[in-house]
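[1] Sharing a sequence plus its predicted fold:
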Amino acid sequence: MENLNENLIFGFEKLEIWQLSMDLSVDIYHLSRVFPIEEKYDLTSQINRSSGSEPSNIAEGTSRFSKNDKARFLQYSYTSNLETMNHLIRAYRIGYISKEVCDGYRPKIKE
């Protein structure tokens with residue numbers, strides 16, 4: 001969170017879970033740049049959307065007033081997280097990433 005004005009930081013930005021999911025989303029974005037251009041509208045788009053949904057849903061959930069609403073958005077984030085892992089497995093099985101790279105994301109996804 002370097003170079004951010006501390007007076008303008010929202011509450012969700014201070015959450016470790018949001019920070020971890022944002023880091024993962026950025027990592028996935030950079031990883032997907034090595035996918036073939038023909039995947040731009042398929043796997044690349046899908047993995048970037050699912051990994052981007054994780055921190056977005058956490059952020060949105062913090063603005064909800066009821067516990068049920070907050071829990072629902074955390075559940076959305078969790079399911080997007082698992083969807084991202086599914087896309088990583090697919091990228092491995094297609095041959096876009098190595099098993100080591102795919103497995104390297106497992107602890108991050110689980111965390």
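    That came through fine. Computed from a predicted model, the values in this text were never measured in an experiment.

[2] Tell me, how many residues neighbour the closest residue to residue 61 other than its chain neighbours?
    Distance criterion Cβ to Cβ, 6 or more residues apart in numbering; nearest residue to residue 61, sequence neighbours excluded, is residue 73 at 2.9 Å. Where you see a C-beta, it was placed from the backbone N, CA and C, and this is true even at glycine. Number of residues near residue 73 (other Cβ atoms under 10 Å) recorded here: 18.

[3] now swap in residue 49 and tell me
    If we define neighbours as other Cβ under 10 Å, then residue 49 has 14 of them.

[4] Quick check: which element contains it?
    Here residue 49 sits within helix 43-62, counting by DSSP states H and E.

[5] Packing partners of that helix?
    With contacts taken as 3 or more Cβ pairs under 8 Å, 6 or more residues apart in numbering; DSSP states H and E, helix 43-62 sits against helix 16-32, helix 67-94.

[6] and the first one, which residues are buried?
    So that's helix 16-32. Going by neighbour count (16 or more other Cβ atoms under 10 Å), the buried part of helix 16-32 is 18, 21, 22, 24, 25, 28, 31, 32.
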